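Colleague: Provide a 3D model corresponding to the input given below.
(one chain, ligands or ions: 1)
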Amino acid sequence: MFKTRLCELLQIQYPIIQGGMAWVATGELAAAVSAAGGLGIIGAGNAPPEVVRNEIAKVRAITDKPFGVNIYYMSPFIEELVDLVIELQVPVVTTGAGNPGKHIARFKEIGTKVLPVISSVALAKRLARLGVDAFIAEGMECGGHVGDLTTMALVPQIVDATDLPVIAAGGIADGRGLVAALALGACGVQIGTRFICAEECTVHPNYKQAVLQAKDRDTILTGIQGHEVRVLKNKLTRKFLELAQTGASPEEFEALGAGKLRLAAVEGDVENGSVMAGQVAAMVSKVQPAAEIILEIMTEADEVLKRLGALY
Ligand code: TUI
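Modeller: Predicted coordinates:
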């Protein structure tokens, strides 16, 4: 099977990193993905540092392979999380929903690789100057908090704007998506939605079922412009649509969304909770071990590459 620049950078076997999904990507999932040769990532979300410390310990109890922590920049615990990641010498940090600029020098000092998730060329250019190691270019097909551009449009523009490695995210669930990402100039992929249905993922079983049952048009963007979140349609998204009709304030939108990801992911209330998932949810058809997901993706990518090679 092939290797890419990403495998070298992160010291991993396969060019696949797992999305750092808040409340979903716990130590168990991250450990399984890393042990299988990808890069597992703990989604810190809004969790307090002691919870994240515990998730890191879980990973290290299972594997000594590299892994990462995703830092969500709207978390109330940003500074404590940065301190924790540095104290525990976490090999890789991915960042989301904000600019990690002021922390990059501290991560670099101890050799932690910094991979910001970005959805615009402007941010890529700014962060490249500050010494990040690679970019995760996330298109709006992804689940959760989204930017404006699709993966197909965003990835090549980021590739052209920087010499750093680019990882494609959003709309990728299988080997075809991985090869497409490579064609766009990426050196790997970040996959979230398919890993929700990994056996080792500790999210509530109802959440996995909701992803398994999703059809092509079952996701929708909720929230106010500039802060849209992609989720599976349910009772909560109908309430969001009703609220939009009334010309509600940003505060009212925020109040409707508060705590709803936990409600779905932990409590299993997938009707009133926020079931974040990408447009590829319909391509996820079974619960299977993380290692099997990775092997299937790599085997399919090999086949696709051979099929394309045969065109010559
Ligand atoms: O972070 C994500 N996706 C997420 S975070 C999340 S947790 C959540 N929970 C409840 C409600 C809402 C969210 C769910 N999904 N993706 C990474 C990402 N980050 N995409 C785009 C960005 C981004 C946006 C602005 C990165 C940087 C940025 O910087 C602005 C600036 O210039 O400072």
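Colleague: the closest residue to P205 other than its chain neighbours: neighbour count?
Modeller: Closest residue to P205 apart from its sequence neighbours, by Cβ to Cβ, 6 or more residues apart in numbering: G268 at 6.9 Å. To be clear about C-beta, it is placed using only N, CA and C from the backbone, and glycine gets the same treatment. Neighbour count of G268, defined by other Cβ atoms under 10 Å: 16.
Colleague: A36 contacts I294, correct?
Modeller: Yes - with contact defined as Cβ atoms under 8 Å, A36 and I294 form a contacting pair (4.8 Å).
Colleague: so what sits against both of the two?
Modeller: Y14 (Cβ atoms under 8 Å, 6 or more residues apart in numbering).
Colleague: relative to the ligand, which residue of the stretch 51-200 of the chain is the closest?
Modeller: G144 (2.2 Å; Cβ to the nearest ligand atom).
Colleague: name the residues of the helix or strand that contains S34 that are buried.
Modeller: In this structure, S34 is located in helix 27-35 according to DSSP states H and E. Neighbour counts using 16 or more other Cβ atoms under 10 Å place G27, E28, L29, A30, A31, A32, V33, S34, A35 of helix 27-35 among the buried residues.
Colleague: and if you look at stretch 197-204?
Modeller: C197, A198, E199, E200, C201, V203, H204.
Colleague: can you show me the strands along the chain?
Modeller: Using DSSP state E, the strands found in the chain span residues 16-18, 40-43, 67-72, 92-96, 113-118, 135-138, 144-145, 166-169, 188-191, 219-222, 229-232.
Colleague: which positions in the protein make contact with the ligand?
Modeller: Within the chain, the residues that sit near the ligand (Cβ under 6 Å from any ligand atom) are 22, 45, 72, 96-99, 117-119, 123, 138, 144-145, 147, 229, 257, 261, 276.
Colleague: let's see that with 8 Å instead.
Modeller: 21-22, 43, 45-46, 70, 72-74, 95-99, 116-120, 122-123, 126, 136, 138, 142-147, 223, 227, 229, 257, 260-261, 274, 276 (Cβ under 8 Å from any ligand atom).
Colleague: quick one: low-confidence parts of the chain?
Modeller: Applying pLDDT under 70 to the chain flags no residue at all.
Colleague: among the residues of the chain next to the ligand, the buried ones, what's the PyMOL command?
Modeller: Restricted to buried positions by 16+ other Cβ under 10 Å, the PyMOL selection for those reads:
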select buried, resi 21+22+43+45+70+72+95+96+116+117+118+119+120+123+136+138+142+143+144+145+146+147+223+229+257+260+261+274+276
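Colleague: dump stretch 16-25 to CSV, restricted to CA.
Modeller: The C-alpha coordinates for stretch 16-25 follow below in CSV (Å, rounded to 0.1, in the frame of the first residue of the first chain):
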residue,chain,number,x,y,z
ILE,A,16,-5.8,8.8,7.3
ILE,A,17,-6.5,10.9,10.3
GLN,A,18,-9.7,10.6,12.3
GLY,A,19,-11.8,13.8,12.9
GLY,A,20,-11.5,15.2,16.4
MET,A,21,-15.3,15.1,17.1
ALA,A,22,-16.4,16.7,20.4
TRP,A,23,-18.3,14.2,22.7
VAL,A,24,-17.7,11.5,20.1
ALA,A,25,-14.0,11.0,19.6
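Colleague: enumerate every residue touching the residue nearest to L84 when sequence neighbours are not counted.
Modeller: Among residues not flanking L84 along the chain, P49 sits closest, at 4.7 Å (Cβ to Cβ, 6+ apart). Going by Cβ under 8 Å, 6+ apart, P49 touches F77, E80, L81, D83, L84.
Colleague: just among the residues you listed, which is most surrounded?
Modeller: Ranking the contacts of P49 using other Cβ under 10 Å puts L81 first, with 24 neighbours.
Colleague: give the contact list for A128.
Modeller: Applying Cβ under 8 Å, 6+ apart, the residues contacting A128 are A161, T162, D163, L164.
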